[in-house]
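> Structure, please.
(2 chains)
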Amino acid sequence: GENVEQHPSTLSVQEGDSAVIKCTYSDSASNYFPWYKQELGKRPQLIIDIRSNVGEKKDQRIAVTLNKTAKHFSLHITETQPEDSAVYFCAASIGDTDKLIFGTGTRLQVFP
Amino acid sequence: GAVVSQHPSRVICKSGTSVKIECRSLDFQATTMFWYRQFPKQSLMLMATSNEGSKATYEQGVEKDKFLINHASLTLSTLTVTSAHPEDSSFYICSAAGWGKTLYEQYFGPGTRLTVT
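Residues are numbered from 1 along each chain as shown, chains lettered A, B, ... in the order given. Next up is the predicted model:
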């Protein structure tokens, strides 16, 4: 079945450094790739997304890149701040449906 | 982003009882609502897909008779956990999907923490 792998599972960075989280997906028909940030006990919040007709998208300190050939997509956070500390989930659509499969999550810790 | 509410936020029930969780999209019409389950420190696992006015579609391994889903309108879906057992204790999150300003997007509710004693 469809699968999304996410690495690393934990990531610790110093404030101001960059953080990169990578995901791979198995369904070549996937066409929507959102990233969610989830703080402890709270709902996942959509922080950025990308569709298959775009290779890169940026929103202030956050960027996402997509390599459809390799079935990879990555989240890049620059100039990290302590408030960026949370669990980040990548997801991929199941084919061109609106159902999502989630990665296993990355716990990001930004130390002041 | 869109606003999705979920009620209750926390519920404790005794084994054998049933619990109903409501999910509402407050500011847009959700053509589809999804129900997820999340265990501590784990990812979100899709349980079922709910479309307004039709039967829910359940993912493999999810018991449809145990997790009853009703999607009565474009703004309300309910999940009823029937004859709950301690292993049903989990964080249940709904999401509502529909057309935002320009894109088709999915937004999550705040979740319901169910504890079955």
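> residue ranges with poor pLDDT in chain A?
Applying pLDDT under 70 to chain A picks out no residues at all.
> For it, list the residues in contact with chain B, please.
Contacts of chain A with chain B, taken as CB under 8 Å from any CB of the partner chain, map to A:34, A:36, A:41-46, A:49, A:89, A:98-105. (Each C-beta comes from the backbone N, C-alpha and C, glycine too.)
> Neighbour count says what about the residues you listed? Which are buried?
A:34, A:36, A:43-44, A:46, A:49, A:89, A:98-105 (16 or more other CB atoms under 10 Å in any protein chain shown).
> Inside strands: which ones of these?
Among those, the members found in strands (DSSP state E) are A:34, A:36, A:46, A:49, A:89, A:100, A:101, A:102.
> Kindly tell me how buried residue A:7 is, as a neighbour count.
Neighbours of residue A:7 under the rule other CB atoms under 10 Å in any protein chain shown: 13.
> An error on my part: the question was meant for residue A:16.
Neighbour count of residue A:16, defined by other CB under 10 Å: 11.
> residues contacting residue A:27?
Residue A:27 sits next to A:2, A:92, A:94, A:95, A:101 when contact means CB atoms under 8 Å, 6 or more residues apart in numbering or on different chains.
> next one: residue B:54
By CB under 8 Å, 6+ apart, the contact set of residue B:54 is residue B:71.
> Which element, helix or strand, includes it?
Counting by DSSP states H and E, no helix or strand carries residue B:54.
> What separation is there between it and chain A?
Distance from residue B:54 to chain A, counting by CB to the nearest CB, to the nearest Å: 15 Å.
> I'd like the distance between that residue and residue B:90.
Per CB to CB, to the nearest Å, residue B:54 is found 26 Å from residue B:90.
> Residue A:12 too?
In terms of CB to CB, residue A:12 sits 28 Å off from residue B:90.
> so what's residue A:17 up against?
The contact partners of residue A:17, taken as CB under 8 Å, 6+ apart, are residue A:80.
> for residue B:29, same thing?
B:74, B:75, B:98 are the contacts of residue B:29 under CB under 8 Å, 6+ apart.
> can you check residue A:86 too?
A:37, A:38, A:39, A:40, A:107, A:108 are the contacts of residue A:86 under CB under 8 Å, 6+ apart.
> try 7 Å
A:37, A:38, A:39, A:108 (CB atoms under 7 Å, 6 or more residues apart in numbering or on different chains).
> Please list the residues of chain B that sit near chain A.
B:1, B:32, B:43-44, B:46, B:49, B:93, B:97, B:104-111 (CB under 7 Å from any CB of the partner chain).
> Since that was my last question, I'll sign off now.
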